[in-house]
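Trainee: need the 3D shape of this:
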Amino acid sequence: MKLISYRAQSSTHLGVVIEEDKVLSLSSLHDLYKDCISQEFTIPNDMKQFIEQNETALPYAEALIDCYLNDQEVKDLPSCFLSDVEIIAPIAQPEKIICVGLNYMDHCKETNMEPPSSPVIFSKYANAIIGDKAAIELPINSNQVDFEAELTIVIGKEAKCISEEEAEDYIFGYTIMNDVSARDLQFADTQWSRGKSADTFAPMGPVIVTKDEVGDPHQLDISLRLNDEIMQQSNTNQLIFRIPTIISFLSQSMTLKPGDVIATGTPPGVGMGRDPKVWLKDGDFLSITIENIGTLSNHVKKHHLTKYNEHSLLTSK
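Mentor: Take a look at the predicted model:
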């Protein structure tokens, strides 16, 4: 199942993508077919709440979709084209945005860093999250903004001190994240938070695909295009630390919660690893495609100072 969060007619909806270009509102399906299903359940409009109840929510949503697909008399089709709605980030406020650094061998080489002996972990914050088609803003204090295509895990239930063998049971699904990074800020500090967590630096989506539909997450082609040029192209079979290892490793220290997202690292081809280096600029267009999930697209724009911003800068000098 491909789940999506979107806005239409000033309201936020939770939907399921069908036929690649159409979305069905789950709440509309509920209104149409709730009397046809013995199970009683109310579809939330928030993805995080849906994931928190996924053991009930997923079977119920599947039953609604089956009713819709088998209904030969339905008049008011609760579907619309994706091009007619505003796709927003699938999860706007996860409790945790966890990222794994240096998790492809060739990426370690291009950054002149030794392959790690255990997962390198850092965090982003919810202010960085934007959805498909939204703009990545270049911050005023950085001239070296880079891109990173990443397969991202969505946690489905609370996980604490779990083994690698148990990890699969705690995965809800997968999405795409662009781990946008201000390299000059990242390496000026002794840790990476500032360079990784500027506003708009975590484009995510456009969908969450449930794990049953993704298949083997370690056999997915992953690529990133900058304008018309392929910059990153690899396969998740090149991950140094595989997904069960990452989840188990994290759960030894922190309790993972439903809706938490874990970006698994980026393959080679990032801007800082090129000669000459490639930094994002106003007007650029980025698209990340991961097999069995879809394509996340964002444009880049320069941050424009407001009068308040200008006053703040002047008074701080």
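Trainee: next, count neighbours for L26.
Mentor: 24 (other CB atoms under 10 Å). Every residue, glycine included, has its C-beta placed from N, CA and C.
Trainee: to clarify, my last question referred to I243.
Mentor: Counted by other CB under 10 Å, the residues lying close to I243 total 22.
Trainee: surely it meets I171?
Mentor: Yes: in this structure, I243 sits in contact with I171. The criterion is CB atoms under 8 Å, and the distance is 7.5 Å.
Trainee: so what sits against both of the two?
Mentor: Common neighbours of I243 and I171 are listed as I153 (criterion: CB atoms under 8 Å, 6 or more residues apart in numbering).
Trainee: and whichever strand or helix holds N298, which residues are buried?
Mentor: Assigned by DSSP states H and E, N298 belongs to strand 294-302. Within strand 294-302, the residues that qualify as buried by neighbour count (16 or more other CB atoms under 10 Å) are 294, 296-298, 300-301.
Trainee: same question, stretch 104-114
Mentor: Judged by neighbour count using 16+ other CB under 10 Å, the buried positions of stretch 104-114 are 104, 107-108, 110.
Trainee: what would the residues you listed look like in JSON lines with pLDDT and distance to M1?
Mentor: As requested, the buried residues of stretch 104-114 are exported to JSON lines (pLDDT from 0 to 100; distance: CB to CB, whole Å):
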{"residue": "Y104", "pLDDT": "90", "distance to M1": "28"}
{"residue": "H107", "pLDDT": "88", "distance to M1": "31"}
{"residue": "C108", "pLDDT": "85", "distance to M1": "35"}
{"residue": "E110", "pLDDT": "85", "distance to M1": "36"}
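Trainee: strands - which of those land there?
Mentor: Using DSSP state E to define strands, no part of the buried residues of stretch 104-114 is located there.
Trainee: which of the residues you listed sits closest to D46?
Mentor: Within the buried residues of stretch 104-114, the smallest distance to D46 is 33.2 Å, found for Y104 (CB to CB).
Trainee: my read is that the closest one contacts F241, right?
Mentor: No: shown here, Y104 and F241 do not form a contact pair, counting by CB under 8 Å, at 10.1 Å.
Trainee: spit out the contact partners of I240.
Mentor: 102-105, 108, 115-116, 265.
Trainee: return the helix or strand in the chain with minimum mean pLDDT.
Mentor: Taking mean pLDDT, DSSP states H and E as the measure, the helices and strands of the chain show their lowest mean at helix 307-316, namely a mean of 55.
Trainee: and the next element down the chain from the helix or strand containing C80?
Mentor: Per DSSP H and E: C80 is located in strand 79-81. Along the chain past strand 79-81, the next helix or strand (assigned with DSSP H and E) turns out to be strand 86-88.
Trainee: mind listing residues that contact that following strand?
Mentor: Residues from elsewhere that reach strand 86-88 (CB under 8 Å, 6+ apart): 4-8, 12, 131-133, 205-206.
Trainee: weed out the non-buried ones from those.
Mentor: Taking 16+ other CB under 10 Å as the criterion, what is buried in the contacts of strand 86-88 is 4-6, 131-132, 205-206.
Trainee: residue boundaries of the helices in the stretch 201-317 of the chain?
Mentor: Across the stretch 201-317 of the chain, reading from the start of the chain, the helices by DSSP state H, counting those that start in this stretch fall at 211-214, 243-251, 307-316.
Trainee: for N143, which non-adjacent residue is closest in space?
Mentor: In space, N143 comes closest to D184 once its chain neighbours are excluded; the distance is 6.3 Å by CB to CB, 6 or more residues apart in numbering.
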